[in-house]
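Asker: starting from these lines, generate the structure:
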Amino acid sequence: MKCPFCRHPKTRVVDKRNLEELGTIRRRRECLACERRFSTYERIEWTGVSVIKKDGRRESFDRDKLLAGLLKACEKRPIPREEIEKLVSGIEAEMYNYGRREVPAQVIGELVMDRLKELDKVAYIRFASVYREFTDLKSFEKELRTLKKN
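Answerer: Below is the predicted model of the structure:
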């Protein structure tokens with residue numbers, strides 16, 4: 001592992017933690033040249049799953065894209081990043097348990113919606129407004145009424 005600061009090729013692991021809820025291993029490293037510390041994360045790389053978009057296009061599943069969308073929906077909300085990471089890991093695992101090499105974007109979107117509804121109602125509405133492509137105030141009101149009923 002190269003040091004991100006000085007690019008020296010040798011580092012040592014100072015601390016290692018298994019973050020089971022995220023399905024990740026965190027390693028705290030120290031550069032042997034500049035002695036600065038940084039963290040690395042190791043997680044299972046899920047390969048071979050394509051997402052079928054609404055328009056029929058297919059693209060490889062991108063965990064970072066999902067995370068970015070959730071971070072945007074949860075922006076300025078009292079939700080710790082670890083909680084969002086855990087949500088992404090759960091969605092990712094459930095998607096791979098789906099058992100197919102191609103997963104419709106709607107399946108992923110509904111998984112996100114279900115989880116966000118439990119986590120934070122405002123983040124849910126934000127995500128829903130983009131995912132469901134709200135075009136007017138009536139769409140928002142309808143979703144809010146549905147949310148209130150449940």
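
Asker: the lengthiest helix in the chain packs against which elements?
Answerer: Counting by DSSP state H, the longest helix found in the chain is helix 81-97. Here helix 81-97 touches helix 63-73, helix 105-119, going by 3 or more CB pairs under 8 Å, 6 or more residues apart in numbering; DSSP states H and E. (Glycine included, C-beta is placed from N, CA and C.)

Asker: what lies in contact with it?
Answerer: 21-24, 43, 46, 49, 61, 63, 66-67, 70-71, 74, 103, 107-108, 111-112, 115-116, 119 (CB atoms under 8 Å, 6 or more residues apart in numbering).

Asker: are any of those buried, and if so which?
Answerer: 22-24, 61, 63, 66-67, 70, 74, 103, 108, 111-112, 115-116, 119 (16 or more other CB atoms under 10 Å).

Asker: name the nearest of these relative to Phe127.
Answerer: Leu116 (5.4 Å; CB to CB).

Asker: how about that closest one, what does it touch?
Answerer: Contacts of Leu116 (CB under 8 Å, 6+ apart): 70, 73, 87, 123-124, 127.

Asker: which residue, other than its chain neighbours, is closest to it?
Answerer: Sequence neighbours aside, Tyr124 is the residue nearest to Leu116 in space, at 4.2 Å (criterion: CB to CB, 6 or more residues apart in numbering).

Asker: the strand or helix carrying the one you found packs against which elements?
Answerer: Secondary structure from DSSP states H and E places Tyr124 in helix 121-131. Where contact means 3+ CB pairs under 8 Å, 6+ apart, helix 121-131 is packed against helix 63-73, helix 105-119, helix 137-149.

Asker: for the buried ones among the contacts of helix 81-97, which one is nearest Thr11?
Answerer: Thr24 (18.6 Å).

Asker: hmm, Thr40 and that closest one touching each other?
Answerer: No. Contact between Thr24 and Thr40 fails when scored by CB atoms under 8 Å: they sit 10.2 Å apart.

Asker: so where is this protein shaky, pLDDT-wise?
Answerer: 21-22, 46-47 (pLDDT under 70).
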